[in-house]
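Chemist: missing the sequence, but the structure's below:
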């Protein structure tokens, strides 16, 4: 599975704060396919989009992956 990381957020956000989820929601509102995953090695939340080989290309991922 290939994925491109859009943004990283430390896991130590204040209680009730979800900056990675909020960022991913904004990306999805703009038509992207962003999702949040946890990187246990760095203790961070990553906002990622699937790579061009995952479930076919999307317009947002395909356009930025070619640059």
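Modeler: Yep, it's here. The structure displayed is predicted, hence computed values, not measured ones.

Chemist: make it CA atoms for all contacts and neighbour counts henceforth
Modeler: Will do.

Chemist: which stretches of the chain have low pLDDT?
Modeler: For the chain, residues meeting the criterion pLDDT under 70 lie at 1, 53-67.

Chemist: Quick check: buried residues in the lengthiest helix in the chain?
Modeler: In the chain, ranked by residue count with DSSP state H as the criterion, the top helix is helix 19-29. Of all the residues in helix 19-29, those buried under the rule 16 or more other C-alpha atoms under 10 Å are 19-21, 23-25, 27.

Chemist: Do a quick rundown of the helices in this structure.
Modeler: Using DSSP H, the helices found in the chain span residues 19-29, 59-65.

Chemist: and the first one, what does it pack onto?
Modeler: Applying 3 or more C-alpha pairs under 8 Å, 6 or more residues apart in numbering; DSSP states H and E, we find helix 19-29 packed against strand 3-10, strand 35-39, strand 44-50.

Chemist: Contacts for the last one, please.
Modeler: Yep, that's strand 44-50 we're talking about. Strand 44-50 has contacts (C-alpha atoms under 8 Å, 6 or more residues apart in numbering) with 1-11, 20-21, 23-24, 32-39, 61.

Chemist: Narrow those residues to just the buried residues.
Modeler: Among the contacts of strand 44-50, those classed as buried by 16+ other C-alpha under 10 Å are 4-5, 8-9, 11, 20-21, 23-24, 32-36, 61.

Chemist: Among those, which one sits closest to residue 43?
Modeler: Lowest distance from residue 43 to the buried ones among the contacts of strand 44-50 (C-alpha to C-alpha) belongs to residue 11, with 5.8 Å.

Chemist: separation between the closest residue to that closest one other than its chain neighbours and residue 29?
Modeler: Distance criterion C-alpha to C-alpha, 6 or more residues apart in numbering; nearest residue to residue 11, sequence neighbours excluded, is residue 44 at 4.8 Å. Using C-alpha to C-alpha, to the nearest Å, residue 44 is found at 23 Å from residue 29.
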